[in-house]
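Visitor: Show me how the following folds:
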Amino acid sequence: MDAVKGDKRIADAAQKHGVHPNQVTEGHRQLFDPRCRRVWCRWRPFQAPAADLKDLHAKTGRQALEIDFLAGALNKADLLSAKR
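Guide: Here you go, the predicted structure:
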């Protein structure tokens, strides 16, 4: 990847990874082979679906109501002595 980015010379990239410069050159050539380009053109990095904030807020609100309801019920039944 160092050779592909162009940040380093081929000789520097080869020395860094302990390979012969010809291997770096051959890998670069294979990566940009027309058959390989078809794969790279179709590849898209993973993107997580955007979260719908409205749904998340609604879910959080429901959970808060359930917690409050249960806390009240446990207080009435005198079972909420677990708070320490």
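Visitor: Now for this protein, the helix or strand with the poorest mean pLDDT.
Guide: The weakest-scoring helix or strand in the chain, judged by mean pLDDT, DSSP states H and E, is helix 34-42 (a mean of 65).
Visitor: Show the subsequent helix or strand relative to it.
Guide: Note on helix 34-42: by DSSP states H and E, the next helix or strand toward the C-terminus is helix 53-76.
Visitor: buried set for that following helix?
Guide: If you call a residue buried by 16 or more other C-beta atoms under 10 Å, then helix 53-76 has no buried ones at all. For glycine as for every other residue, the C-beta is placed from the backbone atoms N, C-alpha and C.
Visitor: could we number from 125 for the rest of this?
Guide: Got it, first residue is 125 now, which makes that one helix 177-200.
Visitor: avg pLDDT for that helix?
Guide: Mean per-residue pLDDT for helix 177-200: 91.
Visitor: And that helix, how far out from the chain middle?
Guide: Offset of helix 177-200 from its chain centre (C-alpha atoms, centre = their mean, to the nearest Å): 30 Å.
Visitor: before we move on, what about stretch 148-160?
Guide: Put simply, stretch 148-160 sits 27 Å off its chain's centre (C-alpha atoms, centre = their mean).
Visitor: Give me the local confidence score for W167.
Guide: Looking at W167, its pLDDT stands at 58.
Visitor: Quickly note the distance from H141 to M125.
Guide: 10 Å (C-beta to C-beta, to the nearest Å).
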